[in-house]
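> Give me the fold of what follows.
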Amino acid sequence: MDGETRTETVTLDARMPSLAADQLIERLAQVKAGSVHLDGLQVRTMGARVAEVLCRFKRAHKAAGGTLTCAASPDLHDDLRILGLDHLLLGKDL
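Reported below is the predicted structural model:
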C-alpha cells in the first residue's frame, strides 16, 4: 500500500448546527493522514462551533503533512463568509 494516494471523503450533513460539533470531532478523529476531501455540497446551514472544528482540523491535518480540499454549497460558503472563515476553509491555500 505504500506509495498509493487515496483521498478520503468526509461528507458533511445538510444541517450542521453547533450542537453537531462533538459528533464531527469524533468523525474527523477517524480520518487517516493523507489526502482528505470535505464534501459540503449538501450543507444548508453550519454553526460557528462546527466551522471552528473544521478550521482546526484543516490546520492540524496540514501540519501533519496532509492535504485538504473542500467542496462547498452556496449556503455553506455564505455561512463561512458571515463567520469570516471562508478564506480559511475555501481559500486557495487548501
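
> State the helix or strand in which residue 37 lies.
strand 35-40 (DSSP states H and E).

> what's the answer for residue 88, then?
Going by DSSP H and E, residue 88 is part of helix 86-90.

> Could the C-alpha coordinates of that helix be exported in CSV?
Taking Å, rounded to 0.1, in the frame of the first residue of the first chain, the C-alpha atoms of helix 86-90 are listed here in CSV:
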residue,chain,number,x,y,z
ASP,A,86,-14.5,31.3,4.2
HIS,A,87,-10.9,32.1,3.2
LEU,A,88,-9.5,29.7,5.8
LEU,A,89,-11.5,26.7,4.6
LEU,A,90,-12.2,27.5,1.0
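
> And the average pLDDT for it is what?
Mean per-residue pLDDT for helix 86-90: 90.

> which parts of that helix are buried?
86, 88, 89, 90 (16 or more other C-beta atoms under 10 Å). Backbone N, C-alpha and C define where each C-beta goes, glycine included.

> what are the ranges of the strands in the protein?
Here the chain has its strands, by DSSP state E, at 7-11, 15-16, 35-40, 45-46, 67-72.

> Out of those, the one nearest residue 29 is which?
Shortest distance between residue 29 and the strands of the chain, using C-beta to C-beta, is found for strand 7-11: 11.2 Å.

> Centre of the chain to the closest one, how far?
Chain-centre distance of strand 7-11: 9 Å, with C-alpha atoms, centre = their mean, to the nearest Å.

> I'm done for today, thanks for sticking with me.
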